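> Need coordinates for the following:
(2 chains)
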Amino acid sequence: MKINSRIFQNRKKQEFISKTFAYIFLFILMIPFITPLLWLVSTALKTRAQVYTTPPVWIPNPIQWSNFAEAWNVAPFALFLRNTMITTLIPMVGEIFISAMVAYSFTRVHWPGRDKIFGIVIAVMLIPGIVTFIPTFIIFSRLQWVNTFLPFIVPSLFGVPIYIFIFRQFMLTMPKELDDAAIMDGASTFQIFTRVILPNLGASMATVAILSFMAHWNDFFAPMIYLQRPHLKTMILGLAFFESQMTGTGGGYNLLVSSRIHLVMAITFLINLPPIILFIFFQKYFVRSVVTSGIKG
Amino acid sequence: MLNTFIARIKPTTLGYRKKEALAGILMSLPWILGFLLLTLGPLAFGLYSSFTKWDIISSPRWVGLENYIRMFGGGDRLFFRALRVTLLYTLMSAPIHIVLDVIIASLLNMKLKGTNVFRAIFYLPYILPVVATIVLWSWVFNPDFGLVNYALSLVGIEGPKWFADQDWALFTIVLMNLQYLGFGMMVVLAGLQRVPQELYEAAEIDGAGWLQKFRHITLPLISPVIFLLTILHINGSFQTFTEAFLLTNGGPNYRTYFYGLHIYNEAWVSFRMGYASALAWILFLLVMLITFINFKFSKNWVYTE
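Next up is the predicted model:
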């Protein structure tokens, strides 16, 4: 008895030590992840005088809320926001609906060659984007689609492999009785999809919606190539453009040595806000997206 | 139109299979068409373009292997430079990423209080827009007013000029991009959570320490996950572009001249679409080759049940 309890004591002590070390490690590792973001908020709220001080000021005094309004008006960000809504929300709806429909046909409908073609869906994900981007750009520019929103809307109507995959994983877990009951009621295959499957996609729908929103909201390369006119720019382009203006490098982008860094940070903060809010409220869907795409892929 | 057409396919018992198959094909048609029009077509078209000289305004002129000869024959000094920078970046960043992924995921898997908060903080930077992150971090790494050099000055070190220093620029990009390890961390964590606890308990009875448990149980069982991350990471590293484009423009002295930036410059600055297509195809083949080699090698270290 005595020996047993000593082993138990030792184990508890060991566990306490290892947990303490784990906490210390985690706190140290966390610093580079969280500090810049706190720094971003701090800088965005500073007066110009407090930006360039050593040692740095963490709590701005006074807190300059007007930076947001001022930055917002330096470039036409209201217009940029509208453009971003077009390049984000319309493709998002298209991608969700079409990807779900395609996933349905790959999961719950039987047709010859189905599984072979699904193999191609997976393989396509490994092709580096730039390889198809250049020829697609040539084609789109021949179609006079440069400086329109069509390069964002049209491709979304063909479905996206990773979303098809996520929907498929989810549909595989839905009970087959759902389809059977609808068939009894005389529903066609397409009606089963719209009436039975689509309204029940719940978690996978949220996951895909978030991934799609983020991909378009965060995108830089395609908008930079296709939206060259100033009035068509998105928020992200606006930030890059704004930054280069602030730094006086005039379109050459390059390093940041701005005299109005607090305004640049204010816009940066606003651009980060939607992803952060989505993340706070829908964290579990982000986790799910990683797990389905990572583990099973 | 598609809707009404599909809707008309009513399931009668006779020939239902046939109708179902037809509906299935019709419903997967968007993706199949997309594959032909937006993937296979462009791939073939890009391959064709790579044998032409083409400034996009006039029509393409067939030049045979000229682009490839220029690339490998030394006619384009920047090709090898870009390849070197990209490889160097991949070799530096992939191992650091994967080791940190495993370390942080293991710490998070210890079931500590507050794990969810830690996990969220490590993951958060991964979901933020790359451009916003770059703008922020160029400020963090600012030689004169940035946080990093201030922190270093506290311990008496005079920090380098980071992105502006040719010996540091590439490594600074590696450091900056470490903040994206949240994705890998989550994947490893999911892998760790699927390791059966009984294995650890059995090993403990045999008197195994944590290192032995890690070496003989954890590592083999999460090796498929590590393998997947390696593939994804290499694939991503080879397409690095925005950092170089926005921060350094490939400099100083071409030390951060990534392959992606070279393709961009050829295609959209010099408008040599043919040559840029050839560069892109070589990138494609290279990524495929590396993936293939990885798969070949995986038999030696990836544990499969």
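> Please make it C-alpha for all contacts and neighbour counts, starting now.
OK.
> helices and strands around the top helix by length along chain A, which ones?
In chain A, with assignment by DSSP state H, the single longest helix is helix A:2-44. Judged by 3 or more C-alpha pairs under 8 Å, 6 or more residues apart in numbering or on different chains; DSSP states H and E, helix A:2-44 is in contact with helix A:261-281, helix B:77-108, helix B:115-127, helix B:130-140.
> do the shortest one and chain A meet at all?
What it means is helix B:130-140. Yes - Helix B:130-140 lies within reach of chain A by C-alpha under 8 Å from any C-alpha of the partner chain, at B:130-132, B:135-140.
> top of those residues by neighbour count?
residue B:139 (24 neighbours; other C-alpha atoms under 10 Å in any protein chain shown).
> ok, and the helix or strand in chain B with the lowest average confidence?
Ranking every helix and strand in chain B by mean pLDDT, DSSP states H and E puts helix B:2-7 at the bottom, with a mean of 54.
> how close does residue B:92 sit to residue B:55?
Residue B:92 sits 36 Å away from residue B:55, taking C-alpha to C-alpha, to the nearest Å as the criterion.
> Please report the distance of residue B:129 from chain A.
Distance, residue B:129 to chain A, using C-alpha to the nearest C-alpha, to the nearest Å: 4 Å.
> which residues does the nearest residue to that residue once chain neighbours are set aside contact?
Once flanking residues are discounted, residue B:129 sits nearest to residue A:218: 4.4 Å by C-alpha to C-alpha, 6 or more residues apart in numbering or on different chains. Contacts for residue A:218 (C-alpha atoms under 8 Å, 6 or more residues apart in numbering or on different chains) come out as A:236, B:128-131.
> in which helix or strand would I find the spatially most central residue of chain B?
When C-alpha atoms, centre = their mean is applied to chain B, the residue found nearest the centroid is residue B:236 (1.5 Å). Under the criterion of DSSP states H and E, residue B:236 resides in helix B:219-237.
> now for that helix, which elements pack on it?
Applying 3+ C-alpha pairs under 8 Å, 6+ apart, one finds that helix B:219-237 contacts helix A:283-295, helix B:77-108, helix B:182-193, helix B:273-301.
> Run the angle between it and helix B:182-193 for me.
When axes from the mean of the first three to the mean of the last three C-alpha atoms, to 10 degrees is applied, the directions of helix B:219-237 and helix B:182-193 differ by 160 degrees.
> For residue B:209, which of the helices and strands packed on helix B:219-237 is the nearest?
Of all those, helix B:77-108 sits nearest to residue B:209, with 15.3 Å by C-alpha to C-alpha.
> Serialize the contacts of residue A:218 to CSV and add fields for pLDDT and distance to residue B:169.
CSV is the format used below for those (pLDDT from 0 to 100; distance: C-alpha to C-alpha, whole Å):
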residue, pLDDT, distance to residue B:169
A:236, 92, 24
B:128, 94, 22
B:129, 94, 21
B:130, 93, 18
B:131, 92, 18
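> Max pairwise distance over the residues you listed: which two?
A:236 and B:128 (11.3 Å).
> In terms of neighbours, single out the busier of these two.
residue A:236 (26 against 22).
> okay, and for the chain, where does confidence drop off?
Looking at chain A here, since you left the chain open. Residues of chain A meeting the criterion pLDDT under 70: A:1-8, A:243-259, A:293-297.
> think we crossed wires, I meant chain B
Applying pLDDT under 70 to chain B flags residues B:1-14, B:305.
> let's go with 50 and repeat that
Applying pLDDT under 50 to chain B flags the ranges B:1, B:11, B:14.
> Determine the set of other helices and strands touching whichever helix or strand comes after the helix holding residue B:236.
The first helix or strand that comes after helix B:219-237 along the chain, using DSSP H and E, is helix B:242-243. With contacts taken as 3+ C-alpha pairs under 8 Å, 6+ apart, helix B:242-243 sits against helix B:130-140.
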